[in-house]
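Visitor: just a sequence and a predicted model for now, questions to come.
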Amino acid sequence: MNHPCYICGLGSSVPSRVLTNADLEKMVETSDEWITTRTGIKERHILDDDANGSDCGVEAARAALSEAGLAPEDVTHLFVATCTPEHLSPSTSCVIAGKLGISASSGRMGRVMCMDFNAACTGFVYGLELARATLALHPEAVVLLVACESLSRRTNFTDRATCVLFGDAAGAVVLRSSCEKPLWKVADVSCAADGSLRELIQIGGGTDARIKVGDSIGPEWFVSMQGMAVFKHAVRNMAEESLGLLERNGMGFEDVDLFIPHQANLRIIKAVGERLGLGEDKVFANVQHYGNTSAATLPLAMADARKSGRLEPGQKVLLTSFGSGMTWGSALLA
Ligand code: UT7
């Protein structure tokens, strides 16, 4: 059964502090020319020392709830997609719930369920599938899906191969079985993973790091990556997953108004677009301004595409992503 699932509100937020390629030139041996040619990235937003990713998550969530005409206490399920949680425990979803003032007695169902999940950069697509499943079980649910990342807190700013790539951001959507002014219907979602590729991108700092009080931490606590191998998997998996999703819905690329792929690298975005035979007018990119913000890239791109007039409610949107795990997936909005 395909229970209806609508996006009723959308929000995004980035920290105000901007880190440019010129700033990075002063930190590691790199150049604006290298970063621009190899990645397309010109700047990224990063958290100030006194802020946390959940602050952006809260701002994005408030914007999404406001567009949906709802208050925080209406939320019944708060799911946070993140691979950079603030703590191993409590979850960032509980932190965001606390900051939004959502408590035990909140929620239209008399309670709220809060949970983080980690599908890395594919988190937003996985989250849409979670929301569909939740609404099929509880048609009256109000699902708040927040993609919230603080990559700068796990970026090794002495490693030029990775430190130029990442930024911080959050995006949020409210999903319901019905609403007065839906933005898009989540028409279909497909999710995949291959754990044999788990070593291609890693972020340390979990319990595999056997540390004792007083130990100092090393580079294994930060992002590490086999860039070229990831690049190849990214292009192939995003293209094949997107084609498969369209095929099973009896659609072709001519039926899609806007293709929004994961914003990791402009070369990857262009390569996927070319492989699928899409003109630049149908492929959205904003990685130039934010770098790779992992799970947050897709809702952030949707919000930016809307602000710039490239995307209207009700248009057919194809989202696709890939990330550490490896995970990948696509979603069709209509
Ligand atoms: O959400 C998933 C996250 N991951 C990704 O999306 C990453 C996918 N991969 C990529 O985007 C690309 O592989 C990178 C942008 C990471 C790297 O581009 P590349 O074309 O694969 O470069 P490379 O790693 O093969 O490095 C080429 C050269 C090397 O020098 P030598 O060995 O040829 O002398 C690197 O040491 O560029 C050097 N290099 C740099 N030079 C200046 C690597 N990083 C830098 C840098 N500035 N920041």
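Guide: Perfect, thanks for sending it. What you see is a predicted model, and the numbers here were worked out from it, not measured in a lab. Numbering: from 1, shown residues only.
Visitor: now do the contacts for the residue nearest to residue 184 when sequence neighbours are not counted.
Guide: Nearest residue to residue 184, sequence neighbours excluded (C-beta to C-beta, 6 or more residues apart in numbering): residue 333, at 3.8 Å. Using the backbone N, CA and C atoms, a C-beta is placed for each residue, glycine as well. Listed by C-beta atoms under 8 Å, 6 or more residues apart in numbering, the contact set of residue 333 reads 7, 184, 185, 186, 187, 316, 317, 318, 319.
Visitor: from those, which land in strands?
Guide: Of the contacts of residue 333, the ones assigned to strands by DSSP state E are 7, 184, 185, 186, 187, 317, 318, 319.
Visitor: I'd say residue 16 and residue 47 touch.
Guide: No. Contact status for residue 16 versus residue 47: not in contact, 9.7 Å apart, counting by C-beta atoms under 8 Å.
Visitor: the two: which is more packed in?
Guide: Neighbours were counted for residue 16 and for residue 47 using other C-beta atoms under 10 Å; residue 47 has more, 21 against 10.
Visitor: confirm that one sits in a strand?
Guide: No. Read with DSSP: H, G, I helix; E, B strand; the rest coil, residue 47 is coil and lies in no strand.
Visitor: ok, it - contacts?
Guide: 15, 17, 53, 55, 56, 150, 152, 153, 168.
Visitor: the first one and the ligand: what is the separation?
Guide: Just to be clear, that refers to residue 15. According to C-beta to the nearest ligand atom, to the nearest Å, residue 15 and the ligand sit 19 Å apart.
Visitor: give me the three-state assignment for the residue of the chain positioned farthest from its centre.
Guide: Largest separation from the mean C-alpha position in the chain: residue 214, at 34.5 Å (C-alpha atoms, centre = their mean). Assigned by three-state DSSP, the conformation of residue 214 is coil.
Visitor: next one: residue 149
Guide: strand.
Visitor: who's in contact with the closest residue to it other than its chain neighbours?
Guide: Counting by C-beta to C-beta, 6+ apart, residue 294 is the residue found nearest to residue 149 once chain neighbours are left out, at 4.3 Å. Contact analysis of residue 294 by C-beta under 8 Å, 6+ apart lists 82, 83, 84, 120, 121, 123, 147, 149, 151, 166, 323.
Visitor: you'd agree residue 228 is in a helix?
Guide: Yes. Counting by three-state DSSP, residue 228 falls inside a helix.
Visitor: how close does it get to residue 163?
Guide: Look at residue 228 and residue 163: by C-beta to C-beta, to the nearest Å, they are 18 Å apart.
Visitor: these two - which one has more neighbours?
Guide: Of the pair residue 228 and residue 163, residue 163 is the one with more neighbours under other C-beta under 10 Å, namely 20 against 8.
Visitor: immediately after the helix or strand encompassing residue 94, which helix or strand?
Guide: Counting by DSSP states H and E, the element that carries residue 94 is helix 92-100. Counting by DSSP H and E, the element after helix 92-100 in chain order, helix or strand, is strand 113-117.
Visitor: can you confirm residue 122 is in a strand?
Guide: No. Applying three-state DSSP, one finds residue 122 to be helix, outside a strand.
Visitor: in the protein, which spans are strands?
Guide: 6-13, 18-20, 43-45, 77-81, 113-117, 143-150, 168-176, 184-193, 201-203, 223-225, 258-261, 317-323, 327-333.
Visitor: can you redo the ones you listed as TSV with distance to the ligand?
Guide: Listed next are the strands of the chain as TSV, based on distance: least, C-beta to the nearest ligand atom, whole Å:
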stretch	distance to the ligand
strand 6-13	18
strand 18-20	13
strand 43-45	13
strand 77-81	13
strand 113-117	17
strand 143-150	10
strand 168-176	13
strand 184-193	14
strand 201-203	6
strand 223-225	6
strand 258-261	11
strand 317-323	5
strand 327-333	10
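Visitor: returning to that earlier point: just the buried ones from the ones in strands among the contacts of residue 333?
Guide: Buried subset of the ones in strands among the contacts of residue 333 (neighbour count, 16 or more other C-beta atoms under 10 Å): 7, 184, 186, 187, 317, 318, 319.
Visitor: in this structure, which residue sits closest to the ligand?
Guide: residue 227 (2.8 Å; C-beta to the nearest ligand atom).
Visitor: just the pLDDT for the nearest residue to that residue once chain neighbours are set aside.
Guide: Spatial nearest neighbour of residue 227, excluding adjacent residues (C-beta to C-beta, 6+ apart): residue 161 at 6.5 Å. Note on residue 161: pLDDT of 96.
Visitor: wait, what's in contact with residue 298?
Guide: The contact partners of residue 298, by C-beta under 8 Å, 6+ apart, come to 124, 125, 147, 171, 260, 262, 263, 319, 321.
Visitor: again, but for residue 312
Guide: residue 306 are the contacts of residue 312 under C-beta under 8 Å, 6+ apart.
Visitor: what residue lies at the spatial centre of the protein?
Guide: residue 295 (2.0 Å).
Visitor: surely that one and residue 146 touch.
Guide: No. Between residue 295 and residue 146 there is no contact under C-beta under 8 Å: 9.2 Å.
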